[in-house]
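*Asks:* My questions are about this predicted structure, shown below with the sequence.
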Amino acid sequence: MTQPSEQSAFRPTPQDKPMPLAEARARIVDAITPITDIEQVPLPAALHRVLAEQVTAGVDVPGADNSSMDGYGYRAADAEQDGATLHVVGESLAGHPFVGRLGAGECVRIMTGAVVPEGVDTVVMQENTRAEDEQVVIEKRPAPGSNIRLAGEDLKAGATVLAAGHYLRPADISVLASVGVSEVSVVRRPKVAFFSTGDELRPIDGPAGRSLAPGEIYDSNRYGLAALLSDLGMEGVDLGVVGDSREALRDAFAEAAAYDAVVTSGGVSVGAADFVLDVLGEQGTVDFWRVAIKPGKPLAFGTVGNARFFGLPGNPVSTAVTFIQLVRPALVRMAGGVPADPIRFALPTTADLRKNPGRENFLRARLVTHAGRAAVEPVDHQGSGVMRSMSRSDCFIVLPAEQSDVPAGEIVPVEPFAQTIWGQPDE
Ligand code: AMP
Ligand code: MG
């Protein structure tokens with residue numbers, strides 16, 4: 001059962017030094033043990049899953065030399081200049097190969113994807129020929145060997161199609177189907193529990209028509225977190241709103257301990273009603289609890305039971321920023337995937353940026369065209385409680401910790417919201 005908080009193993013103090021983001025990220029990702037449970041799923045259900053085992057090609061792709069054009073197949077030696085006339089002896093259609101071998105001066109009409117008959121080494125596109133009864137005139141010869149796709153040029157039988165740890169996207173499903181794979185082994189999805197903390201929070205599905213009582217706010221983080229999790233293809237389990245008391249948190253932690261990961265928001269600082277760190281120290285372990293970013297300084301990383309614990313700050317923008325920067329790569333690794341390095345590029349800012357040295361800043365911004373060139377425009381209201389700033393943005397301007405104010409026109413690092421999250425495993 002619950003223990004008295006006096007036995008708490010962890011005592012956060014305001015003097016604890018925030019960890020640089022890159023260090024926190026590496027530390028979190030390194031601490032994660034990937035899930036190894038395997039599920040067999042039919043190929044159509046494998047989208048957005050992570051391959052548990054490498055897939056090897058059982059066949060060549062393409063399976064035979066075939067034409068990449070509609071036209072005529074012949075031997076290059078039979079048409080040494082433009083205007084050569086060849087005798088049409090048959091046709092090869094996709095799925096209906098020409099049976100037989102070509103003799104001297106002969107050609108076949110051939111369609112895209114049709115098998116190239118024995119003896120043919122070149123295909124001329126139909127637009128460069130003129131048909132005359134049983135004959136065809138090659139008006140403009142292609143280089144010998146043209147317009148033929150060679151057997152196995154995409155994949156050779158025995159080659160690795162996709163490596164273990166590959167996150168399956170639509171193109172991957174298509175590639176797997178091209179080698180005849182109908183079922184794949186994928187990693188079990190992480191089960192991620194999440195809850196909000198705060199006595200002020202009202203769920204949006206409360207009694208209809210009841211207006212907010214003084215001091216109440218709607219619990220937006222829980223819905224935002226659920227959306228961030230489903231965007232990642234994860235199974236989120238909603239544990240609701242937990243009040244600001246040790247007892248309530250102890251119960252919630254006990255329930256959460258059975259999952260692979262727990263993500264919470266709020267109550268993680270050193271305020272009078274912030275008990276998350278306390279209870280995490282009692283019932284689990286605290287690895288670190290402060291990261292040098294803005295928004296988002298308080299962030300508890302640790303364990304509770306079998307679960308990895310991520311206690312995110314309560315201000316909605318801080319919750320989202322810390323999830324994207326720290327929880328998302330951790331969950332990708334937990335899911336058996338490879339967290340991609342964030343993609344950043346450099347653009348001029350259209351406006352002055354305020355910045356105090358100390359913490360890495362994630363300003364919400366938009367990619368724009370300014371005077372005919374790509375640029376980045378910060379949105380108004382950068383407060384960590386102003387979620388509209390994030391909703392109206394499509395990228396972060398990322399200012400390094402030591403940076404101070406930036407004048408308009410300076411080049412700044414930009415991290416788009418839409419980017420590669422699942423990296424490619426080594427083959
Ligand atoms: P905390 O991290 O608990 O100190 O909360 C910081 C700020 O975020 C306070 O203004 C809270 O009311 C607000 N907040 C905390 N949790 C949520 C939530 N789930 N949804 C919306 N706002 C929240
Ligand atoms: Mg709170």
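*Replies:* Cool, got the structure. Ligands and ions are numbered 1, 2, ... in the order given.

*Asks:* Please report how far the nearest residue to A94 once chain neighbours are set aside lies from ligand 1.
*Replies:* Closest residue to A94 apart from its sequence neighbours, by C-beta to C-beta, 6 or more residues apart in numbering: G113 at 3.8 Å. To be clear about C-beta, it is placed using only N, CA and C from the backbone, and glycine gets the same treatment. Separation of G113 from ligand 1 (C-beta to the nearest ligand atom, to the nearest Å) stands at 56 Å.

*Asks:* Repeat that for P400.
*Replies:* Taken as C-beta to the nearest ligand atom, the spacing of P400 relative to ligand 1 amounts to 25 Å.

*Asks:* same deal with A52?
*Replies:* The spacing between A52 and ligand 1, counted by C-beta to the nearest ligand atom, is 35 Å.

*Asks:* same thing with T264?
*Replies:* Taking C-beta to the nearest ligand atom, one finds T264 at 9 Å from ligand 1.

*Asks:* And for A365?
*Replies:* Shown here: A365 relative to ligand 1, a distance of 22 Å by C-beta to the nearest ligand atom.

*Asks:* for L363, same thing?
*Replies:* L363 sits 19 Å away from ligand 1 when distances are taken as C-beta to the nearest ligand atom.

*Asks:* contacting residues for whichever residue of the stretch 301-427 of the chain sits closest to ligand 2?
*Replies:* Using C-beta to the ion, the closest approach of the stretch 301-427 of the chain to ligand 2 is made by G314 at 4.9 Å. Going by C-beta atoms under 8 Å, 6 or more residues apart in numbering, G314 touches 196-198, 221, 265-268.

*Asks:* Pretty sure it sits in a strand.
*Replies:* No. For G314, which was evaluated using DSSP: H, G, I helix; E, B strand; the rest coil, the result is coil, with no strand membership.

*Asks:* sorry, back to before: give me the subset of the contacts of G314 touching ligand 2.
*Replies:* With C-beta under 5 Å from the ion as the criterion, the contacts of G314 include 198, 266-267 near ligand 2.

*Asks:* my guess is A26 is in a helix, correct?
*Replies:* Yes. The assignment for A26 by three-state DSSP puts it in a helix.

*Asks:* Count the neighbours of it for me.
*Replies:* A26 has 12 neighbours, counted by other C-beta atoms under 10 Å.

*Asks:* what do you get for R130?
*Replies:* Other residues near R130 number 12, with proximity taken as other C-beta under 10 Å.

*Asks:* what pLDDT does the closest residue to V368 other than its chain neighbours get?
*Replies:* Excluding the flanking residues, the one nearest V368 by C-beta to C-beta, 6+ apart is E377, at 4.7 Å. The predicted local distance difference test score for E377 is 98.

*Asks:* same check, this time on the one 4 residues further on
*Replies:* Confidence per residue is given as pLDDT, and for H381 that number is 93.

*Asks:* ok, which residues in the stretch 101-250 of the chain are in contact with ligand 2?
*Replies:* G198.

*Asks:* sorry, back to before: so who does the residue nearest to V368 touch?
*Replies:* E377 neighbours (C-beta under 8 Å, 6+ apart): 349-351, 365-366, 368, 370.
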